[in-house]
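>>> requesting a structural model of the entry that follows:
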Amino acid sequence: MSSGHSGGSEVDMTPPKRLRTADSGAETLSGGKEELWRSTVDVSIVMPVYNASCWLDECLQAILHQDFTGTMELSVFDDASTDDSRRVVEGWRDRLEARGISVVISGHNSAQPRGVGHAKNKAIAQSCGQYLCFQDADDVMLPQRVRLQYEASVLRPNSLIGCRVQRVPEGSTERYTRWINTITQDQLVTQVYTSHGPTVIMPTWFCSRSWFLKVGSFDEGGKGVPEDLIFFYQSLRQGGGIARVEQCLLVYRYHEKAATHSVTEETIWNQRVEFLQERVLSQWERFTIWNAGKQGRKLYRCLSLTNQKKVEAFCDVDENKIQKGFYTYEESKERPKPKIPILHYKDASAPFVICVKLDMTGGVLEENLNSLQLKEGTDYYHFN
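As a prediction, the model looks like this:
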């Protein structure tokens with residue numbers, strides 16, 4: 001959206017604070033930008049808000065009940081909500097401040113929201129915590145969340161720290177939830193190319209401010225941009241780590257209005273292919289694509305010419321596909337058109353890019369991989 005957009009501007013809803021300066025005892029009126037010298041707190045809870053009034057009481061109650069004994073603030077940026085979200089947050093200010101949690105609220109009232117990337121960047125910019133705890137307005141943190149993730153983050157200041165989650169309503173996105181909660185510490189690193197997206201999910205992120213600033217801010221492209229995946233990959237490119245607290249620290253809500261639903265699979269696919277080529281395929285001289293069906297062929301067609309030439313074969317378990325003998329890349333500009341052999345997986349050679357959906361074959365894929373004694377992250381990577 002153009003910056004020349006009329007009809008509303010950024011409004012800082014935080015009343016100016018009277019700060020007592022140590023030396024003179026004089027009171028200074030200040031708000032937002034002029035306040036850069038105010039003392040930092042240990043943890044800023046970063047919360048973008050857009051039309052979330054029905055969830056906010058439960059969310060804010062949970063922040064009030066954190067058992068963390070350090071200093072905390074709540075930084076909220078309202079992205080042009082049309083409901084009474086901002087009034088609800090304001091209504092909690094006194095309770096939160098009585099508990100020692102300072103509250104910073106701002107936002108804008110333009111005709112259109114600017115997107116969750118913009119809202120998170122604004123909430124971070126106006127906050128002052130040494131560590132950042134990302135919280136979606138429709139989720140609920142458990143009492144130990146800030147304490148346990150803070151402890152983990154202090155030990156790993158250059159990592160994104162996640163946690164296990166409880167999905168509500170129960171049973172929604174069952175496979176995805178199981179994946180979030182059960183992949184191993186190694187798989188947090190090896191499974192970053194799958195369609196599930198970040199291996200520690202954005203609503204559970206916790207990191208040091210210094211690491212966030214090193215990676216750079218969230219993409220502000222707005223609706224349809226996977227700003228979490230882009231940031232996650234950027235963090236890995238910078239050498240950042242990934243870790244998960246092995247306890248359920250968040251109630252993660254599934255509902256139709258969630259911003260996640262506005263991102264197209266194609267956008268995410270392109271990000272994933274680019275990252276796979278950059279991190280994995282650039283290191284391999286040749287490889288096999290495991291799946292001669294639609295997904296495997298689509299991956300092949302999306303690769304750079306250099307990486308297409310490295311594809312030794314497709315492999316599969318489906319006899320019909322194997323009997324065809326090869327896949328001809330009809331759209332190729334090359335002459336003769338590339339023909340890629342299709343083999344039974346037992347006749348194919350590692351390394352593999354696996355384009356079979358995880359957790360969908362009733363354990364058969366996992367057994368087949370184990371039978372070949374292959375190591376994930378060396379001999380194969382999951383792409384689906």
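>>> the nearest residue to P198 once chain neighbours are set aside: what's it in contact with?
Residue nearest to P198 in three dimensions, not counting chain neighbours: F232, with 4.1 Å by CB to CB, 6 or more residues apart in numbering. For glycine as for every other residue, the C-beta is placed from the backbone atoms N, C-alpha and C. F232 makes contact with 160, 192, 197-198, 202 under the criterion CB atoms under 8 Å, 6 or more residues apart in numbering.
>>> give the next helix or strand downstream of the lowest-mean-pLDDT helix or strand in the chain.
Of all helical and strand segments in the chain, the minimum by mean pLDDT, DSSP states H and E falls on strand 27-30, at a mean of 32. Of the helices and strands lying after strand 27-30 in sequence (DSSP states H and E), the nearest is strand 41-49.
>>> how about that next one as PDB, C-alpha atoms only?
What follows is strand 41-49, C-alpha atoms only, in PDB (Å, rounded to 0.1, in the frame of the first residue of the first chain):
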ATOM      1  CA  VAL A  41      13.200  -4.500  31.000                       C
ATOM      2  CA  ASP A  42      14.000  -8.200  30.800                       C
ATOM      3  CA  VAL A  43      11.200  -9.200  28.500                       C
ATOM      4  CA  SER A  44       8.900  -7.400  26.100                       C
ATOM      5  CA  ILE A  45       5.800  -9.300  25.200                       C
ATOM      6  CA  VAL A  46       5.200  -8.300  21.600                       C
ATOM      7  CA  MET A  47       1.600  -8.400  20.500                       C
ATOM      8  CA  PRO A  48       0.100  -7.300  17.200                       C
ATOM      9  CA  VAL A  49      -3.600  -6.800  17.400                       C
END
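>>> give me the contact list for it.
56, 59, 63, 68, 70-79, 81, 85-86, 89, 102, 107, 116, 119-120, 122-124, 127-137, 146, 150, 209.
>>> please check those and keep the buried ones.
Buried subset of those (neighbour count, 16 or more other CB atoms under 10 Å): 56, 59, 63, 68, 71-79, 81, 85-86, 89, 102, 107, 116, 119-120, 122-124, 127-137, 146, 150, 209.
>>> which members of these are positioned in helices?
If you go by DSSP state H, these have 56, 59, 63, 85-86, 89, 116, 119-120, 122-124, 146, 150, 209 in helices.
>>> farthest pair within the residues you listed?
Farthest-apart pair in these is R86 and Y150; separation 27.7 Å (CB to CB).
>>> so where do the strands sit in the stretch 201-350 of the chain?
Counting by DSSP state E, counting those that start in this stretch, the stretch 201-350 of the chain has these strands, from start to end: 206-208, 241-253, 287-290, 311-316, 326-328, 339-344.
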